[in-house]
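Trainee: only geometry, no sequence info:
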């Protein structure tokens with residue numbers, strides 16, 4: 001839908017399709033596993049058996065904003081129609097009680113001029129509340145009750161305008177609309193970065209207007225059991241991140257790779273490549289910041305389950321320098337490439353001596369491969385030549 005509006009390039013959608021094609025076959029989905037947060041950021045939680053429903057009526061404005069558009073428009077229309085009908089009935093009763101509906105002489109002064117039926121009273125109610133003032137009907141000084149009703153209807157009309165128009169404005173300016181252009185990579189990756197095993201995701205902003213004071217949080221949601229035997233079906237564990245700009249906030253002008261170093265304090269410390277295929281874990285990513293144009297705080301969410309975490313891969317670069325400026329190629333936003341990565345967990349890697357030993361063994365293998373290629377490309381030596 002966003003691509004049709006011109007907000008997301010078509011190449012980005014092709015990238016998302018290419019990710020599904022390049023997905024490793026060993027990662028198979030678990031149909032019985034329910035996500036805590038869906039890929040589009042919706043919380044997959046159903047609230048049932050809520051006995052105190054009246055609490056929602058204590059905050060009517062928030063309840064109206066949270067309703068669907070169809071329900072909001074119905075309430076918007078019915079609030080005006082009901083108020084017009086109610087005060088139209090009151091104006092008809094005033095005219096009926098004062099005798100304005102009967103034919104009188106020229107000396108008779110009615111409470112409201114030109115009211116002869118309920119239809120004319122209803123039209124006068126609309127004129128009063130929306131301040132149209134066609135000029136054919138007006139309140140006279142004959143009836144005090146008519147003056148009081150006129151004041152009350154104007155006040156009620158202003159209250160309805162303030163509530164309903166404010167509700168419509170808040171629904172159109174909701175922060176989640178801005179979150180539609182904050183994107184996450186479909187897959188997360190685990191690979192070696194700066195001699196450490198890291199968990200990484202990529203985030204980006206498609207709009208030119210910036211997100212001020214943007215922060216990123218990561219949480220691991222898994223089923224765990226305490227030492228006392230208590231089962232926690234949704235244990236939420238915060239994980240530390242190394243932001244690419246070195247501060248608590250991120251400068252989201254171009255796509256950034258958010259990195260989490262898997263150390264002894266990480267909940268992923270004992271996770272290996274084999275465990276990743278069978279463990280039911282979910283990593284939730286939350287991007288939050290202030291919209292530059294409106295000043296409203298927005299939040300974008302997504303999650304990565306086990307089969308969406310690619311082991312031994314890293315993201316390809318998307319930023320390049322062209323004609324004195326930097327260009328971002330969103331067709332490569334979710335693309336990854338394979339890199340040498342140990343399949344064991346970070347705990348076993350530390351017990352075995354760290355990543356240096358692994359890189360040393362890989363370097364020996366690569367150098368021997370290069371020697372064989374160079375030897376095969378050179379001239380053949382005779383059997384009498386020394387070794």
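Mentor: Perfect, I can see it now. These numbers come from a predicted model, not from an experiment.
Trainee: now do the helices in the chain.
Mentor: 10-21, 55-58, 60-66, 69-98, 118-129, 144-172, 175-178, 273-278, 346-351, 355-377 (DSSP state H).
Trainee: most tightly packed of these?
Mentor: Of these, the one with the most neighbours on average (mean count of other CB atoms under 10 Å) is helix 118-129, at a mean of 20. Bear in mind the C-beta positions are built from the backbone N, C-alpha and C, glycine included.
Trainee: and the contacts of that helix?
Mentor: Here helix 118-129 makes contact (CB atoms under 8 Å, 6 or more residues apart in numbering) with 80, 83-85, 87-92, 95, 112, 114-115, 132-134, 137, 150, 153-154, 156-157.
Trainee: any idea of the pLDDT on residue 303?
Mentor: At residue 303, the model reports a pLDDT of 92.
Trainee: which residues does it contact?
Mentor: Residues near residue 303 by CB under 8 Å, 6+ apart: 35, 36, 37, 38, 39, 221, 282, 283, 284, 285.
Trainee: now with 7 Å, please.
Mentor: Neighbouring residues of residue 303 by CB atoms under 7 Å, 6 or more residues apart in numbering: 35, 36, 37, 39, 282, 283, 284.
Trainee: below-threshold pLDDT in the stretch 251-387 of the chain: ranges please.
Mentor: Applying pLDDT under 70 to the stretch 251-387 of the chain flags the ranges 356-387.
Trainee: all strands for it, in order.
Mentor: 256-261, 281-291, 297-305, 309-311, 313-315, 319-322, 325-328, 336-338 (DSSP state E, counting those that start in this stretch).
Trainee: out of these, which is the most enclosed?
Mentor: It is strand 309-311: most buried of the strands of the stretch 251-387 of the chain by mean count of other CB under 10 Å, with a mean of 23.
Trainee: thinking again about what came up before, may I see the contacts of residue 303 arranged in a markdown table, with distance to residue 321 as well?
Mentor: Listed next are the contacts of residue 303 as a markdown table, based on distance: CB to CB, whole Å:
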| residue | distance to residue 321 |
| --- | --- |
| 35 | 39 |
| 36 | 40 |
| 37 | 36 |
| 39 | 32 |
| 282 | 38 |
| 283 | 33 |
| 284 | 35 |
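Trainee: and of the residues you listed, the nearest to residue 59?
Mentor: Proximity of the contacts of residue 303 to residue 59 (CB to CB) peaks at residue 37, which lies at 24.7 Å.
Trainee: per-residue confidence for the residue lying closest to residue 293 once chain neighbours are set aside?
Mentor: Distance criterion CB to CB, 6 or more residues apart in numbering; nearest residue to residue 293, sequence neighbours excluded, is residue 209 at 5.1 Å. Predicted confidence (pLDDT) at residue 209: the value is 83.
Trainee: how close does residue 209 get to residue 171?
Mentor: Distance, residue 209 to residue 171, using CB to CB, to the nearest Å: 21 Å.
Trainee: for residue 219, same thing?
Mentor: 29 Å.
Trainee: then residue 271?
Mentor: Between residue 271 and residue 171 the computed distance is 42 Å (CB to CB).
Trainee: and what of residue 56?
Mentor: Going from residue 56 to residue 171 by CB to CB gives 17 Å.
Trainee: sorry, back to before: okay if I get the strands of the stretch 251-387 of the chain as JSON lines plus distance to residue 48?
Mentor: As requested, the strands of the stretch 251-387 of the chain are exported to JSON lines (distance: least, CB to CB, whole Å):
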{"stretch": "strand 256-261", "distance to residue 48": "34"}
{"stretch": "strand 281-291", "distance to residue 48": "22"}
{"stretch": "strand 297-305", "distance to residue 48": "22"}
{"stretch": "strand 309-311", "distance to residue 48": "31"}
{"stretch": "strand 313-315", "distance to residue 48": "40"}
{"stretch": "strand 319-322", "distance to residue 48": "47"}
{"stretch": "strand 325-328", "distance to residue 48": "44"}
{"stretch": "strand 336-338", "distance to residue 48": "40"}
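Trainee: show me the one of the ones you listed that comes nearest residue 64.
Mentor: When the strands of the stretch 251-387 of the chain are ranked by distance to residue 64, counting by CB to CB, first place goes to strand 297-305 at 20.3 Å.
Trainee: how many neighbours does residue 237 have?
Mentor: Neighbouring residues of residue 237 were enumerated by other CB atoms under 10 Å; the total is 15.
Trainee: is it correct that it is in contact with residue 218?
Mentor: No - under the criterion of CB atoms under 7 Å, residue 237 makes no contact with residue 218, lying 9.6 Å away.
Trainee: relative to residue 35, how far out is residue 282?
Mentor: Distance, residue 282 to residue 35, by CB to CB: 6 Å.
Trainee: let me know the pLDDT of the nearest residue to residue 167 once chain neighbours are set aside.
Mentor: Closest residue to residue 167 apart from its sequence neighbours, by CB to CB, 6+ apart: residue 64 at 4.6 Å. Listed pLDDT for residue 64 reads 83.
Trainee: could you do residue 169 as well?
Mentor: So residue 169 comes in at 84 (pLDDT).
Trainee: show the contacting residues for the nearest residue to residue 290 once chain neighbours are set aside.
Mentor: With CB to CB, 6+ apart as the criterion, residue 290 has its nearest non-adjacent residue at 4.4 Å, and that residue is residue 212. Contact analysis of residue 212 by CB under 7 Å, 6+ apart lists 289, 290, 292.
Trainee: do that again at 8 Å, thanks
Mentor: 289, 290, 291, 292.
Trainee: cool, residue 55 as well?
Mentor: If a contact means CB under 8 Å, 6+ apart, then residue 55 has no contacts.
Trainee: just want the angle from the top strand by length along the chain to strand 297-305.
Mentor: The longest strand of the chain (DSSP state E) is strand 211-225. Inter-element angle recorded for strand 211-225 and strand 297-305: 40 degrees (by axes from the mean of the first three to the mean of the last three CA atoms, to 10 degrees).
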